[in-house]
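> Pasting a predicted model and its sequence here:
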Amino acid sequence: MSNEIATGPVFDLTPRTLGEAMEFAHMLADSTIVPKDFMGKPGNVLVAIQWGMEIGLKPMQAMQNIAVINGRPSIWGDAALALVKASPHYEDVIETYEGTGDKKKAVCIAKRKGRTDVVSEFSVEDAKTAGLYKKSGPWTQYPDRMLQMRARSFALRDQFPDVLKGLSIAEEAMDIHKERDMGRADVAQRQTAAIGNDGASPALLEQANAAAEQGVAAYQQFFQNTSKENRKALAGEHDALKRKAQAADAARTVENKPAAQQQEVADVDFVAAMDEAEAKQQAGDGDYVPE
């Protein structure tokens, strides 16, 4: 007679194909033995099953230990601790409480073979700063437990990221504000009418261009008569406007050639004066006004 223990076939619900997974997800979503967040939501069920397989949980274990919070999968703190303890790299996890009042804190020390210990703390003062303490729900009913879960979350995620595969801890994820659709953003239009360090307004540029198109003399008059602020605003366009004014004069047919030559000399003098004034302004020697 053999002393071997007889074993029977093990029934396994783990899906082997995408079709099986989708069928299984619909079946679970239609049942009443899954958490309410999965009822009628086969998509969430499928995500939970897949994440469970990633971290080593069977489908039914995943349904009970993975929560979809704010559209993201998370794992409950006790399940995270179980996975860490099952890891060959696990050495120990020590959880304690210290202090009283606002200084009371939960401490979690996560030990991993061959690694430096990770020590995480979360205090009542931390919870108040984060706006969590006395918050309606578990923070009011089980404040010590929530302090413990926060400290555990930080320690396990820092020490065993390869085991948890980046999953957040559900007790922590529940306290993150849900993302809200703020609607379409209104594009803020730049205040183009104001003149300052951002450059000239469209209206000012239009006036300057119109003067430059009439030639150097017209641009000279415009430039001298406009305000100090406008001259500073036009600094970035000044060279182009001077060239435009010179080009306008060069292209103009002048019947009185001697007069034209005389005007050309005056124009050159004005442009030179503007260049000199511009250099003085950049050096901080005075206002940007040609002689």
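Yep, it's here.

> Could you use CA atoms for every contact and neighbour count after this?
Fine.

> so Pro88 sits in a helix?
No. Going by DSSP: H, G, I helix; E, B strand; the rest coil, the assignment for Pro88 is coil, not a helix.

> That one and Trp76, how far apart?
Remark: distance between Pro88 and Trp76 (CA to CA, to the nearest Å) = 21 Å.

> More neighbours: which of the two?
Using other CA atoms under 10 Å, the more surrounded residue of Pro88 and Trp76 is Trp76, with 20 against 9.

> Who are the contact partners of the more buried one?
Counting by CA atoms under 8 Å, 6 or more residues apart in numbering, Trp76 makes contact with Asn65, Ile66, Ala67, Ile169, Ala170, Glu171.

> Now with 7 Å, please.
Asn65, Ile66, Ile169, Ala170, Glu171 (CA atoms under 7 Å, 6 or more residues apart in numbering).

> any chance of those residues in a markdown table, with pLDDT and distance to Asp162 too?
Output for those, formatted as a markdown table (pLDDT from 0 to 100; distance: CA to CA, whole Å):
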| residue | pLDDT | distance to Asp162 |
| --- | --- | --- |
| Asn65 | 88 | 18 |
| Ile66 | 86 | 17 |
| Ile169 | 87 | 14 |
| Ala170 | 85 | 18 |
| Glu171 | 84 | 20 |
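
> Lys104: which of those is nearest?
Nearest to Lys104 among the contacts of Trp76: Glu171, at 19.2 Å, using CA to CA.

> Next, count neighbours for the closest one.
Glu171, neighbours per other CA under 10 Å, totals 20.

> tell me the secondary structure for Ala67?
Recorded secondary structure, Ala67: strand (three-state DSSP).

> That one contacts Ala79, correct?
No. Ala67 lies out of contact with Ala79 (CA atoms under 7 Å); the separation is 11.2 Å.

> Show me what whichever helix or strand Glu20 is part of is packed up against.
Assigned by DSSP states H and E, Glu20 belongs to helix 18-29. Judged by 3 or more CA pairs under 7 Å, 6 or more residues apart in numbering; DSSP states H and E, the packing partners of helix 18-29 are helix 42-55.

> what angle sits between the helix it packs on and helix 18-29?
Helix 42-55 runs at 120 degrees relative to helix 18-29, counting by axes from the mean of the first three to the mean of the last three CA atoms, to 10 degrees.

> just the strands in this structure please.
Along the chain, the stretches classed as strands by DSSP state E are 66-69, 72-75, 90-98, 105-112, 118-123, 168-169.

> if we can go back for a sec, export the contacts of Trp76 as JSON lines, with columns for distance to Leu156.
Below are the contacts of Trp76 laid out as JSON lines (distance: CA to CA, whole Å):
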{"residue": "Asn65", "distance to Leu156": "16"}
{"residue": "Ile66", "distance to Leu156": "16"}
{"residue": "Ile169", "distance to Leu156": "9"}
{"residue": "Ala170", "distance to Leu156": "13"}
{"residue": "Glu171", "distance to Leu156": "13"}
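
> Show me the shaky parts of the stretch 101-250 of the chain.
Counting by pLDDT under 70, the ranges of the stretch 101-250 of the chain that qualify are 177-199.

> if we can go back for a sec, any idea which of the strands of the chain gets closest to Ala233?
strand 72-75 (51.2 Å).

> Just checking: what are the partner strands of the closest one?
Sheet pairing of strand 72-75 (DSSP bridges) gives strand 66-69 (antiparallel), strand 168-169 (parallel).

> Confirm for me that Gln246 is in contact with Gly215.
Yes. When contacts are counted by CA under 7 Å, Gln246 is listed as touching Gly215 (6.2 Å).

> Throw the strands of the chain into CSV and include distance to Ala233 and mean neighbour count, thanks.
Listed next are the strands of the chain as CSV, based on distance: least, CA to CA, whole Å; neighbours: other CA atoms under 10 Å:
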stretch, distance to Ala233, mean neighbour count
strand 66-69, 53, 22
strand 72-75, 51, 21
strand 90-98, 64, 14
strand 105-112, 59, 23
strand 118-123, 55, 21
strand 168-169, 53, 23
